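> Sequence isn't available, so here's the structure alone:
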């Protein structure tokens, strides 16, 4: 296990692609948000968020996201992106992300996103379902390393 990601219960590994680099010779900033998205969807799979959404039409929608870039990534490299839920409110939750560069042996970026629970059938905000709260809490215990 990568020590820098020990507190993240879900970690996704992927290679840096040549085509992700921009004319400045490093991975384009938007790609980091794709790394976050990949980790977020893996977290949703592990906590069955998509199953809850399918049965209730209530699921997350990204309200805001941010990234702090720590070291530029370049090809070739492999990154491991960890994610965790750090705060759950009545109708939203916060996810934190950490992108670890295998080449540099350190974090390349950290970020977070606020997701609002949304009723896709009615088009309005909804409360975070109790089932999801419980699953997020269980995952937080798993990630407390």
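Happy to help now that I have it. In this text the structure is predicted, and so the values were computed from the model without any measurement.

> Counting neighbours, what do you get for residue 63?
For residue 63, the neighbour count with other Cβ atoms under 10 Å is 13. From N, CA and C alone the C-beta is placed, and that goes for glycine too.

> now for the strand or helix carrying it, which elements pack on it?
Using DSSP states H and E, residue 63 sits in strand 58-69. Judged by 3 or more Cβ pairs under 8 Å, 6 or more residues apart in numbering; DSSP states H and E, the packing partners of strand 58-69 are helix 29-46, helix 49-56, strand 92-101, strand 106-119.

> State the pLDDT value of the spatially most central residue of the chain.
Nearest to the mean C-alpha position of the chain, by Cα atoms, centre = their mean, lies residue 40 at 3.4 Å. Note for residue 40: predicted pLDDT of 98.

> Off-centre distance for the helix or strand just after the strand holding residue 63?
Downstream of strand 58-69, the first helix or strand assigned by DSSP H and E is strand 78-88. How far strand 78-88 lies from its chain's middle: 5 Å, per Cα atoms, centre = their mean, to the nearest Å.

> any idea how far the most far-flung residue of the chain relative to its centre lies from residue 94?
Distance to the chain centre peaks in the chain at residue 23, reaching 26.7 Å (criterion: Cα atoms, centre = their mean). Per Cβ to Cβ, to the nearest Å, residue 23 is found 34 Å from residue 94.
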